[in-house]
Structures are given as C-alpha cells and as structure tokens.
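Engineer: How does the following fold in three dimensions:
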Amino acid sequence: MILDYITWNVDPVAFSLWSFEVRWYGILWAIGIYLCYLIQVWLYKHDKTPADWPDKIFTYMVLGVIIGARLGHCWFYEWHEASTLGLEPIQIFAWNINYRNPYIENPFLLLKIWEGGLSSHGGAIGLITAGILLDRHHFHTGINWIFDRLVIGICVTATLIRFGNLMNSEIYGNPTDLPWGFLFVRNGDTLPCHPTQIYEMLYCIVAFIVTMLMYWRWGAARRPGLIFGVFFEIIFVTRFCLEFIKLDQESFESSMILNMGQILSIPFIIYGIWLIVNAFRNPPIDGIPNQKKQKTK
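Structural biologist: Sure thing, here's the model as predicted:
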C-alpha cells in the first residue's frame with residue numbers, strides 16, 4: 001500500500017532530568033559541533049599545523065556560531081506588531097512604525113536561549129566574525145584558508161541541526177499532495193506539508209561530499225577561498241530557492257516579495273561568487289600561508 005503522506009508525531013523531548021527537559025534538538029546540535037571539531041582535528045593533522053590549532057578554532061567557532069545564531073534570530077525575525085506586545089506604534093516623522101522588537105525593549109531576553117530561536121544566517125555571520133578574530137590573534141593564515149577547512153565540518157553540523165528542526169516539527173514547507181509530505185500532528189496541521197528540513201539535510205550532505213572531494217581529490221585547498229565559496233553557493237542558492245515553498249517564520253514576512261531568509265541569503269551568494277572568482281585570480285599556494293613567518297616568531 002502506498003501512503004498519501006507521512007504522519008509525524010515525534011516527541012521533541014529525548015528525556016527529562018528532574019524538571020529539566022533534554023530535547024533532541026540540543027543533543028543534535030552538540031553532536032554536530034563535536035563532529036565538526038573531529039573533522040578539523042583530522043584536516044589540521046593532514047596539513048601539519050601546530051597541535052593547538054584545532055582547540056583554538058573550536059573555542060572561537062562555538063562561541064561565534066551560538067552568539068551569532070541567537071543575535072541573528074532576535075534581530076532578523078523577532079519583529080512583532082506593537083499591539084501584540086501591549087505597545088503603541090512609534091511615529092517617526094510621517095511614518096508609523098507598527099513593528100517592535102522585544103529584545104530591544106528588554107535585552108535580558110537574549111539570554112533565554114533555552115526557549116529557542118537560532119538563525120542560520122546569524123550563525124554564519126558569527127562564524128565569519130570569529131574567524132576574523134581567530135586569524136588576527138592566532139593563525140595569520142587569512143580567513144579563507146581557515147574556512148576552506150571549517151565548512152567541511154559545518155556541512156555535518158548543519159545536517160544534524162536540520163534533523164533537529166524535524167524532531168521539533170518546525171520550519172517546514174507549504175501544504176503538498178506529494179507522497180512524501182509530512183503531516184505535523186503536534187502543530188495541529190490537517191494537511192501534509194513539504195518536509196523542507198529533509199530537503200535542507202540533503203543539500204547539506206551534497207555540500208559535504210563536494211567540499212570533501214574538493215579538498216582531498218581536486219586540490220582546491222591550494223586556492224584559498226574556493227572551497228569556502230562553493231560551500232556558500234550550494235547552501236545559500238538552495239536555501240534561497242527552498243524558501244519559495246516554506247511557510248513564513250514570522251507574520252511580518254507575509255507582505256514581503258522575498259522573505260527574510262531569501263533577503264539574508266543574497267549577500268552570502270554574492271560573497272560566494274566573489275570568493276570563487278578571487279580564488280582563480282590568485283596563484284595557487286603550497287602549505288600553510290605565512291607558516292615560516294609563524295615559526296620565526
């Protein structure tokens with residue numbers, strides 16, 4: 001018998017410790033970050049870098065992605081009509097500002113990360129910021145060299161995060177009559193919808209395979225920024241396209257031609273193209289940039 005759709009009613013809570021709930025989402029986040037770290041250890045060992053480099057990149061990148069993802073969600077997505085917050089619209093010159101951000105009104109809410117709310121675009125910005133600081137204070141290789149390796153592990157982390165979204169029954173697509181549509185029972189849906197979490201898992205797996213081949217087989221690591229740029233194109237071009245079949249995450253997006261996810265993807269797509277072009281404009285390198293300079297310090 002062929003099913004018309006898949007009923008999805010998974011409990012997002014893996015287990016409880018006293019009154020504290022441990023969710024699959026958090027577990028998958030933690031596993032993803034750890035696997036990314038192991039991949040960095042593997043790649044850095046292959047590149048014969050100093051022994052403490054993987055630990056340094058782990059510290060910087062974990063802080064960067066968590067802080068960036070949280071701030072990105074709160075700034076990009078948490079705009080509500082003033083009336084729903086019990087507030088009056090603000091008038092600036094002749095315009096009435098009907099949307100307000102509760103995190104601006106009460107910054108303490110930023111710390112409540114356990115209540116959910118992380119943005120992949122914010123995480124990307126946080127990672128790039130952390131990479132700049134890491135390179136400036138420790139590596140001195142250029143951020144493209146760092147991210148050509150880091151994005152291989154990020155593909156694995158992103159795959160598991162999207163799996164976590166599926167376990168939470170969140171961030172999915174419009175109704176569909178395709179046989180692999182998911183009926184998200186916990187949300188009270190009556191129509192099966194596109195399981196865009198799975199679609200995004202698939203393109204993250206594709207990105208992992210492509211970037212791994214580029215590093216190990218195709219010699220792309222000799223052109224700093226090439227693997228990084230290709231990663232951006234696979235992830236954000238696909239993300240841009242998938243947003244056309246995804247439900248809006250916030251009500252203010254309903255009046256937009258492009259939703260917030262698409263608008264935020266455009267700069268990364270442009271940056272990825274620039275990285276690829278620039279990688280081919282510069283001569284290939286051998287070894288670690290500035291390694292001799294590092295040894296003489």
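Engineer: ok, so what distance separates the most centrally placed residue in the chain from A221?
Structural biologist: Note on the chain: the residue nearest the mean C-alpha position is S120, at 3.0 Å, using Cα atoms, centre = their mean. Counting by Cβ to Cβ, to the nearest Å, the gap from S120 to A221 is 25 Å. All C-beta spots, glycine's among them, are computed from the backbone N, C-alpha and C.
Engineer: likewise A30?
Structural biologist: From A30 across to A221, the span is 28 Å (Cβ to Cβ).
Engineer: Over to T129?
Structural biologist: Taken as Cβ to Cβ, the span from T129 to A221 is 23 Å.
Engineer: more neighbours, those two?
Structural biologist: Neighbours were counted for T129 and for A221 using other Cβ atoms under 10 Å; A221 has more, 21 against 16.
Engineer: surely the more buried one meets I227?
Structural biologist: Yes. Shown here, A221 and I227 form a contact pair, counting by Cβ atoms under 8 Å, at 6.5 Å.
Engineer: Quick check: neighbours shared by the two?
Structural biologist: 148-149, 214-215 (Cβ atoms under 8 Å, 6 or more residues apart in numbering).
Engineer: Max pairwise distance over these: which two?
Structural biologist: By the measure Cβ to Cβ, R149 and M214 form the most distant pair in these, at 11.0 Å.
Engineer: Those two: who's more crowded?
Structural biologist: The residue with more neighbours, out of R149 and M214, is R149; 24 against 19, by other Cβ under 10 Å.
Engineer: How about the more buried one, nearest residue that isn't a chain neighbour?
Structural biologist: L43 (4.7 Å; Cβ to Cβ, 6 or more residues apart in numbering).
Engineer: mind listing what the one you found touches?
Structural biologist: Taking Cβ under 8 Å, 6+ apart, we find L43 in contact with 149, 152, 215.
Engineer: let's see it at 10 Å
Structural biologist: 49, 54, 148-150, 152-153, 212, 215-216, 221 (Cβ atoms under 10 Å, 6 or more residues apart in numbering).
Engineer: picking up where we left off before, for the residue nearest to the centre of the chain, give its distance to R239.
Structural biologist: According to Cβ to Cβ, S120 stands 8 Å off from R239.
Engineer: any residues in contact with both of those two?
Structural biologist: Shared contacts of S120 and R239, defined by Cβ under 10 Å, 6+ apart, are found at 200, 261, 264-265.
Engineer: and the residues you listed as TSV, adding distance to I161, secondary structure and pLDDT?
Structural biologist: As requested, the shared contacts of S120 and R239 are arranged in TSV below (distance: Cβ to Cβ, whole Å; DSSP: H, G, I helix; E, B strand; the rest coil; pLDDT from 0 to 100):
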residue	distance to I161	secondary structure	pLDDT
E200	9	helix	97
G261	15	helix	91
L264	16	helix	92
S265	16	helix	96
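Engineer: So for E21, what's the pLDDT?
Structural biologist: At E21, the pLDDT value in this model is 88.
Engineer: Now name the helix or strand holding I128.
Structural biologist: If you go by DSSP states H and E, I128 is part of helix 120-134.
Engineer: Please write out the alpha-carbon positions of that helix in PDB.
Structural biologist: Output of helix 120-134 as PDB, limited to C-alpha atoms (Å, rounded to 0.1, in the frame of the first residue of the first chain):
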ATOM      1  CA  SER A 120      21.500  30.000  10.400                       C
ATOM      2  CA  HIS A 121      22.300  33.400   8.700                       C
ATOM      3  CA  GLY A 122      23.200  34.900  12.100                       C
ATOM      4  CA  GLY A 123      25.300  31.800  12.800                       C
ATOM      5  CA  ALA A 124      27.200  32.300   9.500                       C
ATOM      6  CA  ILE A 125      27.900  36.000  10.400                       C
ATOM      7  CA  GLY A 126      29.000  34.900  13.900                       C
ATOM      8  CA  LEU A 127      31.400  32.300  12.400                       C
ATOM      9  CA  ILE A 128      32.900  34.800   9.900                       C
ATOM     10  CA  THR A 129      33.400  37.300  12.800                       C
ATOM     11  CA  ALA A 130      35.000  34.600  14.900                       C
ATOM     12  CA  GLY A 131      37.200  33.500  12.000                       C
ATOM     13  CA  ILE A 132      38.500  37.100  11.600                       C
ATOM     14  CA  LEU A 133      39.300  37.400  15.300                       C
ATOM     15  CA  LEU A 134      41.000  33.900  15.300                       C
END
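Engineer: The next helix or strand after that helix - contacts with which helices or strands?
Structural biologist: For helix 120-134, the following helix or strand on the C-terminal side (DSSP H and E) is helix 143-167. For helix 143-167, the contact count by 3 or more Cβ pairs under 10 Å, 6 or more residues apart in numbering; DSSP states H and E identifies helix 24-46, helix 53-76, helix 120-134, helix 196-216, helix 226-232, helix 260-281 as packing neighbours.
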